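Engineer: this one's sequence-less:
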């Protein structure tokens, strides 16, 4: 029988957040350290959290979400935002230190597992999670299983090409990726482009153009600024076209969107849904839901990672 | 224990071909009727084939590959090339008539299952089959399972948009689909476009331009015609770019290409592979094989459908 708790560890470029989670998806305790610290510190802090919450011997498994985390090998490799020499055999290290089985995957896959275990995708066997943050990530579930691919690196839908000619340079070194348009940084780039190319008045012109963020665009759009609204229209249109294409792959019951951009609500969701309906192949029309994650953003990463802790073989 | 034979039925717009197949993928007997005939005729002819080959009581299951065949519902619906009123509960009808369990799927999925059971994808858990015929179809395998999606209609990669602006009109009613460029008819359309837009000499100018086929293009390319070779270059480039994008989805071990266009060999495969390598995301580089099906084309459709006959629950 499974033990009553799991631990989720969300490893980011700056902070590593971890928490103890019960079977209903309640984060009963959490803490964090700087990611740059030595792994001993993670061990000390997490051990204390376990003991303080009388959870010794009650942890079923540990799940880690980390950039480029590979489910099959348990390793992190080629993750430019993490401050260690690569590759790291992280799952093995954690399993040994704690004597608790540990699984690892990338952050977007962890988000998808979290959504399936505790969130809006409960009961769904086929859905696609799209994370709209600094970058665009994805986690794909088919037949109730995560799609890891033959090498553990499946689900990089942020790097599908949406502009084949004159596309924006992407962080991956190629041009025209979805991520270069529909991430928070993509929205800021669109704002700068629109402000340069168009000469209509806009509240966005009061900001330092080089420092504009997607939050600034949101604030102006909510205040009724036409150009700011057009930026969301443009972004949502590209995302909706992309989701229509993704549907041809796995015919999902739903797309679940997560991350900062979804806070813009209808400003982004309406153009996404309209572009999706205009572009999706006839046989899928009216069948695919486009949903926003219901997980609390502060908990979601830890919850997602923790869900892997139910999968371990003890 | 499974019985020693399965039956595969490949239903096309004109002919319905069926055969008895053993566990090693040998088609031990086959026959065909016109698809337009009443289903009684299929029953009569197939029963005779079974009896003539002393296979009564030895058939494990019947698999059918048909346009828009739906694995979950056992139905065919909205298949414009089939000469019956839709929808048809085909799997149920066949199960009842023969007293043998029957499963159905679309032709491209059947091809993928055939490739996994008897062909070049044996032992692979993650691969994508691309059928390059009159249209472009696909069958996707993830974790060793067919991807059917939540409604049974997954895997329509021929209808991913490859030209977002000024794309060709596709049979599906939208514009810019992969199928409009990389099918046999797409190659013929490219030929007509190139002959109109360019004024260099070409052997293709000796043909009736409205009746040019992809076979004509192949013949001219093999004879060294520059414009004909450019047509394959153009087609292969679009296909290679598309396969690079598809890789982001399921990180397959291989793409398996099947159908008339693959007979053009290096003329098409070299540009496909070059465009793939140029366009694929860094983490996948050098990991994905692009293969040609090894199933004999005359047998492949029956073999693919027949492989479903091993899946049935008797």
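Structural biologist: Cool, the structure landed. Every value quoted in this text rests on a predicted model; they were computed, and no experiment measured them.
Engineer: assumed residue A:10 was part of a helix.
Structural biologist: No. Residue A:10 sits outside any helix when classified using DSSP: H, G, I helix; E, B strand; the rest coil, being strand.
Engineer: that one reaches residue A:107, doesn't it?
Structural biologist: Yes. Taking contacts as Cβ atoms under 8 Å, residue A:10 lies within contact range of residue A:107: 7.0 Å. Quick note: C-beta positions are derived from backbone N, CA and C, even for glycine.
Engineer: what's the overlap in contacts for those two?
Structural biologist: Applying Cβ atoms under 8 Å, 6 or more residues apart in numbering or on different chains, one finds that residue A:10 and residue A:107 are jointly contacted by A:65-66, A:301, A:304.
Engineer: out of these, who has the most neighbours?
Structural biologist: Of all the shared contacts of residue A:10 and residue A:107, the highest neighbour tally under other Cβ atoms under 10 Å in any protein chain shown goes to residue A:304, namely 33 neighbours.
Engineer: distance-wise, check the closest residue to that residue other than its chain neighbours relative to residue A:10.
Structural biologist: Once flanking residues are discounted, residue A:304 sits nearest to residue A:114: 2.9 Å by Cβ to Cβ, 6 or more residues apart in numbering or on different chains. Here residue A:114 is placed at a distance of 10 Å from residue A:10 (Cβ to Cβ, to the nearest Å).
Engineer: just list whatever residues bridge to residue A:65.
Structural biologist: residue A:10, residue A:105 (DSSP bridges).
Engineer: hmm, it is touching residue A:306, no?
Structural biologist: No. Counting by Cβ under 8 Å, residue A:65 sits too far from residue A:306 to count as a contact (9.1 Å).
Engineer: where do the contact lists of those two overlap?
Structural biologist: residue A:8.
Engineer: quick check: the gap between the residue of the stretch 201-314 of chain A found nearest chain B and residue B:2.
Structural biologist: Nearest residue of the stretch 201-314 of chain A to chain B: residue A:251, at 2.5 Å (Cβ to the nearest Cβ). Counting by Cβ to Cβ, the gap from residue A:251 to residue B:2 is 30 Å.
Engineer: which of residue A:114 and residue A:10 has more residues huddled nearby?
Structural biologist: Using other Cβ under 10 Å, the more surrounded residue of residue A:114 and residue A:10 is residue A:114, with 31 against 26.
Engineer: so is that one in a helix, a strand, or just coil?
Structural biologist: helix.
Engineer: need the contact list for it.
Structural biologist: Residue A:114 neighbours (Cβ under 8 Å, 6+ apart): A:295, A:300-301, A:303-307.
Engineer: just the helices in the stretch 151-300 of chain A please.
Structural biologist: A:179-182, A:184-197, A:214-222, A:226-250, A:266-279, A:297-307 (DSSP state H, counting those that start in this stretch).
Engineer: who touches residue A:282 in this structure?
Structural biologist: Residue A:282 touches B:172-173, counting by Cβ under 8 Å, 6+ apart.
Engineer: can you do 10 Å?
Structural biologist: Taking Cβ atoms under 10 Å, 6 or more residues apart in numbering or on different chains, we find residue A:282 in contact with B:78, B:159, B:172-174.
Engineer: and the gap between it and residue B:149?
Structural biologist: Distance from residue A:282 to residue B:149, by Cβ to Cβ: 15 Å.
Engineer: likewise residue A:70?
Structural biologist: Distance from residue A:70 to residue B:149, by Cβ to Cβ: 26 Å.
Engineer: please identify which of these two sits among more neighbours.
Structural biologist: A count of neighbours by other Cβ under 10 Å puts residue B:149 above the other of residue A:70 and residue B:149, at 27 against 21.
Engineer: give the buried residues for stretch A:200-211.
Structural biologist: Going by neighbour count (16 or more other Cβ atoms under 10 Å in any protein chain shown), the buried part of stretch A:200-211 is A:202-204, A:207.
Engineer: average pLDDT across it?
Structural biologist: Stretch A:200-211 shows a mean pLDDT of 96.
Engineer: and if you look at stretch A:243-263?
Structural biologist: Averaged across stretch A:243-263, pLDDT comes to 96.
Engineer: number of nearby residues for the nearest residue to residue A:163 once chain neighbours are set aside?
Structural biologist: Here the nearest residue to residue A:163 in space, its sequence neighbours aside, is residue A:176; by Cβ to Cβ, 6+ apart that works out to 3.9 Å. Residue A:176: 20 surrounding residues under other Cβ under 10 Å.
Engineer: look up phi and psi at residue A:176.
Structural biologist: phi 90, psi 10 (degrees, to the nearest 10).
Engineer: hang on, residue A:60 in a strand?
Structural biologist: Yes. Assigned with three-state DSSP, residue A:60 falls within a strand.
Engineer: now name the helix or strand holding the residue nearest to it when sequence neighbours are not counted.
Structural biologist: Using Cβ to Cβ, 6+ apart and skipping residues adjacent in sequence, the residue nearest residue A:60 is residue A:3, 4.1 Å away. Following DSSP states H and E, there is no helix or strand that holds residue A:3.
Engineer: find me the pLDDT at residue A:3, would you?
Structural biologist: pLDDT, residue A:3: 92.
Engineer: that one against residue A:62, yeah?
Structural biologist: No. Using Cβ atoms under 10 Å, residue A:3 is not in contact with residue A:62; the gap is 11.6 Å.
Engineer: residues in contact with residue A:133?
Structural biologist: Contacts of residue A:133 by Cβ under 10 Å, 6+ apart are A:107-108, A:111, A:158, A:179, A:183-185, A:258-261, A:297.
Engineer: could I get the residues you listed as a markdown table with distance to residue B:274?
Structural biologist: Formatted as a markdown table, these follow (distance: Cβ to Cβ, whole Å):
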| residue | distance to residue B:274 |
| --- | --- |
| A:107 | 33 |
| A:108 | 30 |
| A:111 | 35 |
| A:158 | 25 |
| A:179 | 25 |
| A:183 | 30 |
| A:184 | 35 |
| A:185 | 31 |
| A:258 | 37 |
| A:259 | 36 |
| A:260 | 38 |
| A:261 | 36 |
| A:297 | 43 |
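Engineer: okay if I get these as CSV plus neighbour count and distance to chain B?
Structural biologist: Shown next, in CSV, are the contacts of residue A:133 (neighbours: other Cβ atoms under 10 Å in any protein chain shown; distance: Cβ to the nearest Cβ, whole Å):
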residue, neighbour count, distance to chain B
A:107, 25, 15
A:108, 26, 12
A:111, 32, 17
A:158, 28, 8
A:179, 25, 11
A:183, 27, 15
A:184, 19, 20
A:185, 18, 18
A:258, 29, 18
A:259, 22, 18
A:260, 18, 22
A:261, 27, 20
A:297, 13, 25
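Engineer: so which of those comes closest to residue A:193?
Structural biologist: Using Cβ to Cβ, the shortest approach to residue A:193 within the contacts of residue A:133 belongs to residue A:185, at 12.6 Å.
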